[in-house]
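S.K.: next input, structure requested:
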Amino acid sequence: MTEFISQHWLDIFTTILGIIYLVLEYRASIALWIVGIIMPALDIYLYWTHGLYGDAGMAVYYTLAAVYGYAVWQFGKKQGQTDKQPLPVTHMRKSLYLPAFVFFAVAWGVTYYVLKEFTNSTVPLLDAFTNAMSFVGLWALARKYVEQWLFWIAVDAICFYLYVIKGIPFKAGLYGLYTVIAVMGYLKWKRMAAKNK
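M.R.: Residues are numbered from 1 along each chain as shown. Just a heads-up that it's a prediction; the model follows:
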């Protein structure tokens, strides 16, 4: 048992942080960004040592994006928001869908090329997909858009599969949980957005 824990301690610790992050995200608490800085910083090493180079690179982005997300939630403004009101949960404007899709498609293609040509990744297509979709998901989360949960449903389900086949069991379990909670989060944030109208 001690040997198992010593072998998987980082996986276990970041999984615990991931559960805390998920609860805070579900509640739309700004504290999620603090955990969102610490967890991916540790994930960089975890993913790199398991050959998930795209995810390791993505963890660098997650760390930096968490700083951005905190700043937007703390100081950002949306149309109709009062001075003292926290950033409200809203829906993405329809005009943002095409740019978001184009960015996703380009990011997927570029990431796939980098993983295929410059790493020994055995899962470049899916690793690139989760990376590209995560770029869009984090941006949407930072803007408090309801649709961010839809992006995460796709990312979480594929990551669950990747972590199972790559032998990262605790992280796999976490992403299975993420998938379920993302569905619940989408429904909750949808209700919150309706109240903010």
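
S.K.: and Thr130, what pLDDT?
M.R.: Thr130 is assigned a predicted lDDT (pLDDT) of 91.

S.K.: and the one 10 residues further on, by the same measure?
M.R.: According to the model's per-residue confidence, Ala140 sits at a pLDDT of 95.

S.K.: any idea how far Ile5 is from it?
M.R.: Using C-beta to C-beta, to the nearest Å, Ala140 is found at 36 Å from Ile5. For the C-beta atoms, the positions are set from N, CA and C on the backbone; glycine is no exception.

S.K.: next: Glu147.
M.R.: In terms of C-beta to C-beta, Glu147 sits 39 Å off from Ile5.

S.K.: please apply the same query to Met92.
M.R.: 42 Å.

S.K.: look at the two and report which has more neighbours.
M.R.: Met92 (15 against 10; other C-beta atoms under 10 Å).

S.K.: quick one: pLDDT of that one?
M.R.: On the pLDDT scale, Met92 is placed at 95.

S.K.: that one belongs to a helix?
M.R.: No - secondary structure of Met92 (DSSP: H, G, I helix; E, B strand; the rest coil): coil, not part of a helix.

S.K.: for it, give me its contacts.
M.R.: Met92 is in contact with Ala100, Ala140, Arg143, Tyr145, Val146, Glu147, counting by C-beta atoms under 8 Å, 6 or more residues apart in numbering.

S.K.: equivalent analysis for Ala107, please.
M.R.: With C-beta under 8 Å, 6+ apart, Ala107 has these contacts: Asn131, Ala132, Phe135, Val136.

S.K.: please identify the helix or strand for the first one.
M.R.: Counting by DSSP states H and E, the secondary-structure element that holds Asn131 is helix 124-142.
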